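**Q** give the three-dimensional model of this entry:
(2 chains)
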Amino acid sequence: MKRIILTFLLLLLFAVPVCAQEEMPEEWTQVVDEAPMTAEEFRETDISDWLFQAADTLKEAVHAPLRVFAAATVALVLAALIESMTPSGAAEGISAAMDAAAAVLLFVLCIPALTGVTEYAQQAFADSAQYLTGLVPVFAGVIAACGQTGTAAVYGGLFFTLAMAIANFFSGAGIPFLRMILSLCAVSCVDSGLDTDALAKQMSKWMKWALAAAAAVFTALLGMQGILAQSADNFALKTGKFVVSSGIPVVGKAISDALGTVLAGLHLMKATVGFAVIAVTAAQFVPVLMQCAIYQAVFTAAHAVAAALGVKRAARLLDGFSQCMGLCMAMCGLFGFIVLTATIMMVILGSG
Amino acid sequence: MTGDIVRAFGIAAAAIVFASLLKQYSPPLSVAVSFAAGIAVFFFALRAGASVFVFLNELAEHTHAQGFACLMKAAAIALISQFAQDTCRESGQAALAGQIEFAGKIGVLAAAAPMFSELAQILLRYLQ
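**A** Residues are numbered from 1 along each chain as shown, chains lettered A, B, ... in the order given. Presented below is the predicted three-dimensional model:
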């Protein structure tokens, strides 16, 4: 009788891993459904498909920047023609006024595009912050369900706090700071007496240093905390398995192995949910990064044209625009890197 | 186009000869001759460059027509004021040349005023 009951209990225990793999809580399913593609679709997509998709996205994204480049080139050619028509012994005041007018025209031509990109980036930060507010507790729950309570605490605590702080800082202060740099560029093209150009470049350098420092600190802190938490979680799990296998007679080893199987299934679900987070973040930030990169290339090319045509103020202005786009790209890249790195680390840690 | 340029050179060469001759007898007339010749040369140069202006205008219509129109007006004012300054300096009126330069600067800024106004509006939006 005892043997029949024990065999029945053993069969019930083996059923648990099977059931665990079939059911996913509704919150986790919601996160996975929000992703633009699943992990299986990602695995099945060829590199050539990725390249075609990237080419299509690039073709759509490149129209507006090319129009801006064409308009800027026309403005530069006109300014250079007019400067060449002005006699070489022309009064400095009139020549400077003409130069300023040409630079202002260039600013007016390019600023709608710049404003659009910065607003797009600001919206991406706001959307990402909102998404993380809903997602992080869910993903932390997934990680805790995998037996990694320490790691879950790091993700739900340190990462969430830092990510929200950075998103709100970039959205509320970083983008307005960029606009200040653009305003200084505009002032420098109107009045050559004030060297606001040098101030704009210095502000740009401060921003880059701050971004580099934030990236280094965040990566080191998250990495160290994650690894320490993971060590504690591993120790807790192994201790638990040892206690179960040695404490429970007859079926202790089987229960310990079944526990391992259940955890393996949960790790698979963790990877699925983690992939969904990565996919959504990539979908939010890759278009912005692409826009910033294309506009930076456009303004760098226009700066080269202005320098070749000898339109100095316009060349300085375009250099400033190129720097601003670089900064915007750095902010979006840093935030995306933080979210992706933290999520990938949480997926990899404890997966064996 | 080439014909207009050749005519302009011809008028300038003739004006140099007449103005040099008249300078000995009547300097004011010499100044008047060089001024009239300058206007004629300017007119022929504008006629020769008409196709360039038409081309630039067509390009400008695809981008920011108002801005380009302001820049062209400013360029015209700059050229006219430069011509007037040179004439004044040639006749020994340096003070008048300085005032014309000032008027030219004001004219260029006034012609470009719509663009400066648009720039100010953009910066004010950033401040808000």
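
**Q** average pLDDT for the helix or strand hosting A:I338, rounded please.
**A** Using DSSP states H and E, A:I338 falls within helix A:312-348. The pLDDT scores in helix A:312-348 average 87.

**Q** any weak-confidence spans in chain A?
**A** Low-confidence segments of chain A, defined by pLDDT under 70: A:6-43, A:45, A:85-93, A:191-195, A:244, A:248-252, A:256, A:350-352.

**Q** how about the helix holding A:I338: buried residues?
**A** A:313-336, A:338-339, A:341-343, A:345-347 (16 or more other Cβ atoms under 10 Å in any protein chain shown). (Glycine included, C-beta is placed from N, CA and C.)

**Q** tell me how far that helix lies from the chain's centre.
**A** 9 Å (Cα atoms, centre = their mean, to the nearest Å).

**Q** in space, what's closest to the residue in the stretch 101-250 of chain A that chain B sits nearest to - neighbours in sequence excluded?
**A** Nearest to chain B, among the residues of the stretch 101-250 of chain A, is A:A101, at 3.8 Å (Cβ to the nearest Cβ). Nearest residue to A:A101 in three dimensions, chain neighbours excluded: B:A112, at 3.8 Å (Cβ to Cβ, 6 or more residues apart in numbering or on different chains).

**Q** neighbours around the one you found, how many?
**A** 24 (other Cβ atoms under 10 Å in any protein chain shown).

**Q** how's chain B carved up into domains?
**A** Chain B resolves into domains spanning B:1-48, B:64-128 when parsed by automatic domain parsing.

**Q** can I get those in a markdown table with distance to A:V138 and mean pLDDT?
**A** Formatted as a markdown table, the domains of chain B follow (distance: least, Cβ to Cβ, whole Å; pLDDT from 0 to 100):
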| stretch | distance to A:V138 | mean pLDDT |
| --- | --- | --- |
| domain B:1-48 | 72 | 84 |
| domain B:64-128 | 38 | 83 |
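
**Q** could you show me where the helices are in chain A, in order?
**A** Applying DSSP state H to chain A gives helices spanning A:2-22, A:26-34, A:39-44, A:47-61, A:63-85, A:92-145, A:149-154, A:160-169, A:175-190, A:196-247, A:252-309, A:312-348.

**Q** how about the residues of the stretch 101-250 of chain A that lie near chain B?
**A** A:101-102, A:104-105, A:107-109, A:111, A:115, A:176, A:179-180, A:182-183, A:186, A:190 (Cβ under 8 Å from any Cβ of the partner chain).

**Q** looking at those, which has the most residues close by?
**A** A:L105 leads those on contacts (other Cβ under 10 Å) with 31 neighbours.

**Q** how about the nearest residue to that one, chain neighbours excluded?
**A** B:G67 (4.4 Å).

**Q** re earlier: wait, doesn't the residue nearest to A:A101 sit right on B:C70?
**A** Yes: assessed by Cβ atoms under 8 Å, B:A112 is found in contact with B:C70 at 5.1 Å.

**Q** any common contacting residues for these two?
**A** Here B:A112 and B:C70 have A:A101, A:L105 as joint contacts, going by Cβ atoms under 8 Å, 6 or more residues apart in numbering or on different chains.

**Q** returning to that earlier point: what sits against the residue nearest to A:L105?
**A** B:G67 neighbours (Cβ under 8 Å, 6+ apart): A:A75, A:L105, A:V108, A:L109, B:A60, B:P114, B:M115.
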